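Engineer: Starting from these lines, generate the structure:
(chains A, B, C and D)
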Protein chains: 4
Amino acid sequence: MPLAAIIPAPNSPVELRVLPAPDLEPDSALLNVELSEVCGTDVYLQQGRLEGVPYPLIPGHVSVGRLNKIRGELLDVEGRALSEGDRVTFLDVHRTCNACWYCLVAKATTRCPQRKVYGITYGMNDGLCGGWAEQIYLKPGTRCIRLDAEPETFMAGGCALPTALHAVERGEIAFADTVLVLGSGPVGINSIILSLLRGALRVLCIGAPDQRLDAALQAGAGDVLNIETADECQRLEWVFERTNGRGADVTIEATGDPVAVVQAMRFTREAGRVVIVGQYTDHGPLPVEVGFNPHRDLNRKHLDVRGCWGSDFSHFYRGALIISDPLRSASWARMKLTRYNLTQANEALADVASGKVLKALIQPNRPPELQTA
Amino acid sequence: MPLAAIIPAPNSPVELRVLPAPDLEPDSALLNVELSEVCGTDVYLQQGRLEGVPYPLIPGHVSVGRLNKIRGELLDVEGRALSEGDRVTFLDVHRTCNACWYCLVAKATTRCPQRKVYGITYGMNDGLCGGWAEQIYLKPGTRCIRLDAEPETFMAGGCALPTALHAVERGEIAFADTVLVLGSGPVGINSIILSLLRGALRVLCIGAPDQRLDAALQAGAGDVLNIETADECQRLEWVFERTNGRGADVTIEATGDPVAVVQAMRFTREAGRVVIVGQYTDHGPLPVEVGFNPHRDLNRKHLDVRGCWGSDFSHFYRGALIISDPLRSASWARMKLTRYNLTQANEALADVASGKVLKALIQPNRPPELQTA
Amino acid sequence: MPLAAIIPAPNSPVELRVLPAPDLEPDSALLNVELSEVCGTDVYLQQGRLEGVPYPLIPGHVSVGRLNKIRGELLDVEGRALSEGDRVTFLDVHRTCNACWYCLVAKATTRCPQRKVYGITYGMNDGLCGGWAEQIYLKPGTRCIRLDAEPETFMAGGCALPTALHAVERGEIAFADTVLVLGSGPVGINSIILSLLRGALRVLCIGAPDQRLDAALQAGAGDVLNIETADECQRLEWVFERTNGRGADVTIEATGDPVAVVQAMRFTREAGRVVIVGQYTDHGPLPVEVGFNPHRDLNRKHLDVRGCWGSDFSHFYRGALIISDPLRSASWARMKLTRYNLTQANEALADVASGKVLKALIQPNRPPELQTA
Amino acid sequence: MPLAAIIPAPNSPVELRVLPAPDLEPDSALLNVELSEVCGTDVYLQQGRLEGVPYPLIPGHVSVGRLNKIRGELLDVEGRALSEGDRVTFLDVHRTCNACWYCLVAKATTRCPQRKVYGITYGMNDGLCGGWAEQIYLKPGTRCIRLDAEPETFMAGGCALPTALHAVERGEIAFADTVLVLGSGPVGINSIILSLLRGALRVLCIGAPDQRLDAALQAGAGDVLNIETADECQRLEWVFERTNGRGADVTIEATGDPVAVVQAMRFTREAGRVVIVGQYTDHGPLPVEVGFNPHRDLNRKHLDVRGCWGSDFSHFYRGALIISDPLRSASWARMKLTRYNLTQANEALADVASGKVLKALIQPNRPPELQTA
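Structural biologist: Residues are numbered from 1 along each chain as shown, chains lettered A, B, ... in the order given. Coordinates of the predicted model:
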């Protein structure tokens, strides 16, 4: 009878409930959750800002735990059987159908209409399908990875790791490029680390607040600028000074602010690439004062502007390999994490919403008195 | 002492002047113009809407003629010497430097700061550098192509041919894709023809007026919609009805209207490609009523939006090969051309500006009484 | 109780058997075969030259028919339900697993170890899984396409259509390229048609015998050379004469002869692309007299040599759209087909093996006296 | 009157000569050589194994020095003027024409027929055009880079750096890929370093002798195998054991041995990429015992095999940026260099030929007694 934290309805606080243990279908499993993530999407979920969410639901889309029980066979992509007791994580996206036009013709599985996401589009009626719970039900066909990394290190990447990896992949960074990252939240920080692993010579970051910019520097950013102390003009000047007057070769927008989409184009050199990965929620239309000018900002610059939605198993798998590697995990291992138990889920949401913490984790079995990082 | 038509200053009417015959530098040539183009850019030139134009200038960037005189050696890209009397055309872009960061590192020669364009950024002080003249001076390093096509057929493509070829190349059309072309001017019409030659199953076109849509149908468009009879909602519906409710695989925006940039995104399927090639002049910022929403219109759709500026020799060369080929030239050969002599240049500009003619050509030696098509 | 033609064991002649009608699993169907193909692979199957074939089997991997019975729901990739009586074809590749490393990480589904192919790696023990039969059992998950094309026209493409489409896609033909096709069998002929649809200016074909070269010309080849009348030196010279002394931009090897792999490299221009799609069966190692020199033939030429194995649903789907389109089907509609009924299957195999016919089809319900084309 | 080391003819020992100081053309310069490289190509030059070499010549294609004299203006690609006294290096490839079919249409400048290479295809009659001399004449149009790196560190990369960078670029390594490098000479070692900088999770190296494999480990290889202790079967097994039985995702062949070309295919996973960059000299045809089987080794594996010839300015520039960066230069800074003065050039060639040293440098002004590293 596992305990779970539930968002009962948009704008309602998280509640705790004891739920029945699931009956396992063939080739499914039950996972004992060690850590699950609290990310910006969870804040939007609680605020009712995402479409197609089947409230009530258990949030928590990226999680780590140990297999409690397997019915039938659970294989990883290498075809190796996983065993009870193994530590695993799993791709939160489930049921891409391999049968529709998007899966088979466009090969754009992140837009498969059948896809379901644990903790986001699976609701409580679908079962124990979110990580803010003592246990998660891994439905048949869930793609698991046996985890060699420390759970804390892996969760320091969390859902931002595959998201950023996808964005960096879309950015087609060339050797010695200068990359500009807009935003210093988890996706921004992961984009910095991964851009450097990809061969960028230097990564610049524009974000806020200062403590996140410190995290950006620690992640390897060569220089940072606080958005609160510099207007668009000053940001442009700051970028151009650091890029021989040309702008960044690749800009990754990871902010959540529509205005940044146009600034990303302006801060990028001619014939460069811009990846838009920060607009996961509807923040409304571009404000008029932005003055988006398709001639100057896009066509004459011969830019490539690439929306980047979701991630597929390859991004999750490659990210897990990288973060599990002792030589490459250091940037994540030193990230500051803040843990909460299930009773503190509302507090966790508030801390993420206010930017007070960089990365909040739910540790279901954590004693309440240990909350502070 | 060749006669030339000159735009003396922004917003001044074209004037005729007799200019001195040039002294030929080594490895340069003099071309007797047979036909030169009057395109939308020339209208903007006359209206003073382009930056960096050294008035007074002789317009006419794409032209066909016969070599009158060669000093030294004039080779084509195959290394074959051209001879006096040969019919040639030449790439209007000159002096990409092969020495700057854009040429050598970014490999984005259409953004080389040293590039000069005959009839646009070469002014009268640079010599006989525009096609609205009895003769053009081909400076050393001008890239010529011996022309096997009929001059009229080649000019039916004109500058729109390499521009559209570049755009279609950027669109990465896959076999059997549905392509949507926004705009039914010369670039739009050429994009229709080339998309079909590239393996598109069907091309849809939204434009105006009806006579240009007729040209679109003649060029092979499967269906057309007049922009004046359908608002954005109706256009969207029209496109979705023809694409199984998904939107076009590839959209090529060739309109000159900033609003079309956002509509192009909306009319394209998720994970599709949008090429922006219609914003060659500054038409100001996007009007607020467009309501460009980066979440809905770009990021969630996982779109690729690609600015497309200018064209390089490869586009010009490949376009010339295609249009010179008897099997493929038919679509161009039946396009309606309207010819003007040098004294009628202002009339030609007015007819292009009003959309009265699809393609206007200057034929310097045309007797005045023969003007009508 | 459908009648089927069976290869009982390697090197045994085809036999006829009456087989029990299958029990339909949920979401499966039974197809009444109208036409099924006899291709080179079937000859190899009969000769025992393919690995992993579970004899006895019913050959026939690409087929067209009408749905006789559906149990449950049969959807196409657009999500539309198919009905009994509909004419359909289906992708012969089945059960790519969407769960293994090749499917999910490498995204190379044509190398998924779980894939099964109707008529090749499904044996008789798997049920009615080949097209040389009155009926085929469409297992759950079989990807069907409702067919608008004439069955004969579609079968003129047959399995060579998606194979060639994949090869042409891998060849990355640019506008106005010269493509060289080695081989004039079905894959070669389809490669000619599709290269032209893709924007090639001209396609050259080297093959044999003359009647197939006539088919190549009819398919649009600009020039052909009979391999029996020209040795390697003469072929090289022939190609270079037609390509300004450079070689083809793209060469598609579709011969079945290992020697052609190295010739393909030699006949291609520097920095060009070579697609190897003709080596579907093991013909042993390269003969020593070929003198393959990696310095001269590959490295110094900066070539891209691309193996091309199988095809996925996208190739099949795009091919079906093209061949169903009235404007594009002409090249296939005029191909010469030869039909056989089930009792004539051995004859069909012999005619394909000898090259006597270009395309042989099994028409299960064809009266015996109508065999000649 | 600079002193230079000269190869007078194939198979003749290097001789010293005093040559006249050049007259500087406009926009040319004279460089005082600090260090120049002795690489495998120089050994082949001396042995007369390269085509098109205009003996006598001064070897030394990649060099570092200080500008002694500039006539006119010498700009870098950023458009900044270089000054006398500046330390620079320069791209050895000169006079790619920006006018021929390969430069302008194929965009394959490393195959431009007009290209000339300092120290290889420029002979003594072309002037002081090799680095084994006190001074080099930098002809107009030579592409210089102001060097911030230590000269020794830059030369530790030497010509192998842009070559390997080009190869790694062609390999399209994905995040967390396993890369296999065949060969442990300078190109192999640089490929190891750069593959790791590009996001490879692990690099395996097969080469010889042990001291070079130690250098491979020091460069970051995860595991190495001595080719002398393992036959092809054992190598294959060794690779497959380290790649979950699949083979490397990307293999870079940098050996100089034709046999390795086929082994590279065999050691690579299905649908992987193979870059052939080790066949810069003609070592004759593939030996028959290799048994290259196009079906098994190439087509069925759906491999991409990519020849990689030369490098262009972008590779040189990006390499120079990386090696000049303090955070990334460590792998090169610890490489073992052996210096020779001009009188020791024959000794240097012998040491490179025998594999006794990893990287030999000519230091023209080095006192003779200081030869040992």
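
Engineer: The top strand by length along chain A pairs with which strands?
Structural biologist: Ordering each strand of chain A by length in residues (DSSP state E) puts strand A:28-38 first. Here strand A:28-38 is paired, per DSSP bridges, with strand A:63-71 (antiparallel), strand A:135-138 (antiparallel), strand A:360-362 (antiparallel).

Engineer: Chain A: helices as residue ranges?
Structural biologist: With helices called from DSSP state H, chain A shows them at A:40-47, A:101-104, A:151-157, A:160-171, A:186-197, A:210-218, A:232-241, A:258-266, A:294, A:313-323, A:330-333, A:345-353.

Engineer: Quick check: A:Leu128 vs A:Ser195, distance?
Structural biologist: Using CB to CB, to the nearest Å, one obtains 37 Å as the distance from A:Leu128 to A:Ser195. No exception for glycine: its C-beta is placed from N, CA and C like everyone else's.

Engineer: can you check A:Leu74 too?
Structural biologist: Applying CB to CB, the value for A:Leu74 to A:Ser195 is 34 Å.

Engineer: out of these two, which sits in the more crowded spot?
Structural biologist: The neighbour comparison of A:Leu74 against A:Ser195 (other CB atoms under 10 Å in any protein chain shown) goes to A:Ser195, with 29 against 22.

Engineer: Not counting its neighbours along the chain, what's nearest that one?
Structural biologist: Distances taken as CB to CB, 6 or more residues apart in numbering or on different chains place A:Val179 nearest to A:Ser195, at 4.3 Å, with adjacent residues excluded.

Engineer: Run through the residues that contact the residue nearest the centre of chain A.
Structural biologist: The geometric centre of chain A, computed from its C-alpha atoms, lies nearest to A:Ala160 (CA atoms, centre = their mean), at 2.6 Å. The contact partners of A:Ala160, taken as CB atoms under 8 Å, 6 or more residues apart in numbering or on different chains, are A:Cys39, A:Gly185, A:Pro186, A:Val187, A:Ile189, A:Asn190.

Engineer: ok, 10 Å please
Structural biologist: Counting by CB atoms under 10 Å, 6 or more residues apart in numbering or on different chains, A:Ala160 touches A:37, A:39-40, A:62, A:167, A:185-191, A:254, A:277, A:319, A:359.

Engineer: Buried only: go through the residues you listed for me.
Structural biologist: Buried residues within the contacts of A:Ala160, counting neighbours by 16 or more other CB atoms under 10 Å in any protein chain shown: A:37, A:39-40, A:62, A:167, A:185-191, A:254, A:277, A:319, A:359.

Engineer: coming back round to it: relative to B:Gly284, which of the helices of chain A is closest?
Structural biologist: helix A:294 (9.7 Å; CB to CB).

Engineer: what packs against that closest one?
Structural biologist: Using 3 or more CB pairs under 10 Å, 6 or more residues apart in numbering or on different chains; DSSP states H and E as the contact definition, the elements that helix A:294 packs against are helix B:258-266.

Engineer: got the angle for the helix it packs on vs helix B:232-241?
Structural biologist: Using axes from the mean of the first three to the mean of the last three CA atoms, to 10 degrees, the interaxial angle of helix B:258-266 with respect to helix B:232-241 works out to 30 degrees.

Engineer: who does helix B:258-266 touch, helix- and strand-wise?
Structural biologist: Contacting helix B:258-266 under the criterion 3+ CB pairs under 10 Å, 6+ apart are the following elements: helix A:294, strand B:178-182, strand B:202-207, helix B:232-241, strand B:248-253, strand B:268-276, strand B:304-307.

Engineer: could you redo the last one with a cut-off of 7 Å?
Structural biologist: With contacts defined as 3 or more CB pairs under 7 Å, 6 or more residues apart in numbering or on different chains; DSSP states H and E, helix B:258-266 has these neighbours: strand B:178-182, helix B:232-241, strand B:248-253, strand B:268-276.

Engineer: Can I get those in CSV including mean neighbour count and mean pLDDT?
Structural biologist: CSV is the format used below for these (neighbours: other CB atoms under 10 Å in any protein chain shown; pLDDT from 0 to 100):
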stretch, mean neighbour count, mean pLDDT
strand B:178-182, 30, 98
helix B:232-241, 15, 98
strand B:248-253, 30, 98
strand B:268-276, 26, 98
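
Engineer: is it true that A:Lys301 touches B:Arg306?
Structural biologist: No: applying CB atoms under 7 Å, one finds A:Lys301 not in contact with B:Arg306, separated by 10.9 Å.

Engineer: Name all residues that sit in contact with those two at the same time.
Structural biologist: Counting by CB atoms under 7 Å, 6 or more residues apart in numbering or on different chains, A:Lys301 and B:Arg306 have no contacts in common.

Engineer: List, one by one, the residues from the stretch 151-300 of chain A near chain D.
Structural biologist: A:Leu165, A:Glu169, A:Ala174, A:Phe175, A:Ala176, A:Leu197, A:Arg198, A:Gly199, A:Leu201, A:Asn244 (CB under 7 Å from any CB of the partner chain).
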